[in-house]
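Engineer: kindly generate the corresponding structure for this input.
(4 chains)
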There are 2 protein chains.
Amino acid sequence: MDKTISPRTMGRLPIYYRYLEELQRMGVDRISSDKLAERIGITSSQLRQDLSAFGQFGHHGLGYHVGPLLERVSDLLGLNQPHRLVLVGAGNLGRAVASYEGFTRRGFLIKRIFDADPQLAGTYIAGAPVAPVTELGAYLAAEPTDVGVIATPATAAQEIADTLVAGGVRAIWNFAPVRLAVPDHVLVEHTHISDSLLLLSLRLHMQD
Amino acid sequence: MDKTISPRTMGRLPIYYRYLEELQRMGVDRISSDKLAERIGITSSQLRQDLSAFGQFGHHGLGYHVGPLLERVSDLLGLNQPHRLVLVGAGNLGRAVASYEGFTRRGFLIKRIFDADPQLAGTYIAGAPVAPVTELGAYLAAEPTDVGVIATPATAAQEIADTLVAGGVRAIWNFAPVRLAVPDHVLVEHTHISDSLLLLSLRLHMQD
DNA sequence: TAGATTGTTAATCGATTAACAATC
DNA sequence: TAGATTGTTAATCGATTAACAATC
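Structural biologist: Residues are numbered from 1 along each chain as shown, chains lettered A, B, ... in the order given. Here you go, the predicted model:
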């Protein structure tokens, strides 16, 4: 029934999601492809092409209703169902991730945080209890978990990944600057913050 | 003299950089396009096509020398010249960015950190002195700065961006979840950490 | 209705892949 | 030399843009 959504269109879904959310927050309930595309910085042709893959949400002569379209995009992104997460690594980056209020709001629930430092056990970060990383395996055995977030030093990352995989997570969100070896059925999303800086540097350098 | 480098090829430069660095760290000094492409997960055809845009670095029958190729990629990325940065926002994310040792090593020097909390003034984070954000404008007037990093709450981001632009930065690396309005000559790289999680969620959801 | 704007088809453009002659 | 592997050309594939009939 659904048309297939091309990889490039998928890559734009988070962008559409963000802009539509912003429009909703601003109380806009209808927008033309021309206006939205201009805001985002793409052509209206591309926007209509993309949106039409999600189903028919536009109204001839009127534009798109923000609400239903946002609902559809959220749905495609899987945001209308909760995800249970564990976070491993309570350093600065881990804390930053745990503290991002946008996650909870979108159904990404950090159920527990694990850290190598036993001193942190028993404390709470952004409302989530911290436990020693030695208890990660046992926790996962008891509590089904969708996603494991790795915010540890690179040296620890593979071992944590192995424990997460053995514990049955379906996906790993990895911030450690190292490639993880995992079985095919486990998704890995690498977030290389430094890649952004390299691209900025490249763009700066191209200008000269 | 240089062939132009296509946008998609540019986007892969940080990946090439990372893998070549890894090879060099491992002491590998020569690799075929077949082997490197397999490691990265692209076709060898694409790799050769990309690399040929950088100049002639391969040797028929032998493959590519890691050192000179890495040198060339670093050069394209602008890593062979230092960049002066200021970081605004010393919360968890700001601290995580400041503490990433990879930046200093690649010539991204965080000269000073600014924060709204005057209590932090006079302290040091990852070797960089912290000053009150009220001094940002005066600092930039005195110290030419290439890049401003914004790791503040969304509400403060635009005002900081304005101060950075007035202070003459050439680029802004923005972690705040808000679009910044800046003049055309200033580059903005938005790093939306949450976009990664949305894409992970999308991929999880597509599997079902 | 007249005006606006979608959804879609066709045309263009760009990127990836395949293939192989050149060559170390 | 024989074997390996590049650099590049041509073929394929996919994505973007343009254009416009359909329609609210």
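Engineer: per the record, what domains does chain A have?
Structural biologist: As given by automatic domain parsing, the domain ranges for chain A are A:7-77, A:83-195.
Engineer: and the last one with chain B, contact?
Structural biologist: Yes. Part of domain A:83-195 sits close enough to chain B to count as contact by CB under 8 Å from any CB of the partner chain, namely A:83, A:91-93, A:95-97, A:99-100, A:102-103, A:106, A:108, A:146-147, A:170-171, A:173, A:177, A:187, A:189, A:191-195. Heads up, the C-betas are built off the backbone N, CA and C, glycines and all.
Engineer: relative to DNA strand C, which of the domains of chain A is closest?
Structural biologist: Minimum separation from DNA strand C across the domains of chain A (CB to the nearest atom of the strand) falls at domain A:7-77, 2.4 Å.
Engineer: and the closest one, how far out from the chain middle?
Structural biologist: Offset of domain A:7-77 from its chain centre (CA atoms, centre = their mean, to the nearest Å): 19 Å.
Engineer: quick one: end-to-end distance for that domain.
Structural biologist: Distance across domain A:7-77, first residue to last, is 13 Å (CA to CA, to the nearest Å).
Engineer: state the helix or strand in which A:Q56 lies.
Structural biologist: For A:Q56, there is no host helix or strand (DSSP states H and E).
Engineer: do the same with the one 5 residues further on
Structural biologist: With the criterion set as DSSP H and E, no secondary-structure element contains A:G61; it sits in neither a helix nor a strand.
Engineer: residues near the closest residue to A:L36 other than its chain neighbours, how many?
Structural biologist: Of all residues not flanking A:L36 in the chain, A:L47 sits nearest, at 6.1 Å (CB to CB, 6 or more residues apart in numbering or on different chains). By other CB atoms under 10 Å in any protein chain shown, 22 other residues sit near A:L47.
Engineer: list the residues that contact A:L47.
Structural biologist: A:33, A:36-37, A:40 (CB atoms under 8 Å, 6 or more residues apart in numbering or on different chains).
Engineer: what secondary structure does it sit in?
Structural biologist: Recorded secondary structure, A:L47: helix (DSSP: H, G, I helix; E, B strand; the rest coil).
Engineer: interface residues of chain A facing DNA strand C?
Structural biologist: A:32-34, A:44-45, A:48-49, A:51-52, A:56-64 (CB under 7 Å from any atom of the strand).
Engineer: out of these, who's near DNA strand D?
Structural biologist: A:45, A:48-49, A:59-62.
Engineer: select from those residues the one having the most neighbours.
Structural biologist: Going by other CB under 10 Å, A:R48 tops these with 16 neighbours.
Engineer: what sits closest to that one if chain neighbours are left out?
Structural biologist: That would be A:S33: by CB to CB, 6+ apart, it lies 4.8 Å from A:R48.
Engineer: would you confirm that the one you found contacts A:G58?
Structural biologist: Yes. A:S33 lies in contact with A:G58 (CB atoms under 8 Å); the separation is 7.2 Å.
Engineer: okay, those two: which has more neighbours?
Structural biologist: More crowded of A:S33 and A:G58, by other CB under 10 Å: A:S33, with 20 against 16.
Engineer: list the contacts of the more buried one.
Structural biologist: A:S33 sits next to A:44, A:47-48, A:51, A:58, A:63-64 when contact means CB under 8 Å, 6+ apart.
Engineer: turn those residues into a markdown table, columns for secondary structure.
Structural biologist: Supplementary listing: these in a markdown table, determined by three-state DSSP:
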| residue | secondary structure |
| --- | --- |
| A:S44 | helix |
| A:L47 | helix |
| A:R48 | helix |
| A:L51 | helix |
| A:G58 | strand |
| A:G63 | strand |
| A:Y64 | strand |
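Engineer: which of these lies closest to B:T134?
Structural biologist: Nearest to B:T134 out of the contacts of A:S33 is A:L47 (CB to CB; 41.9 Å).
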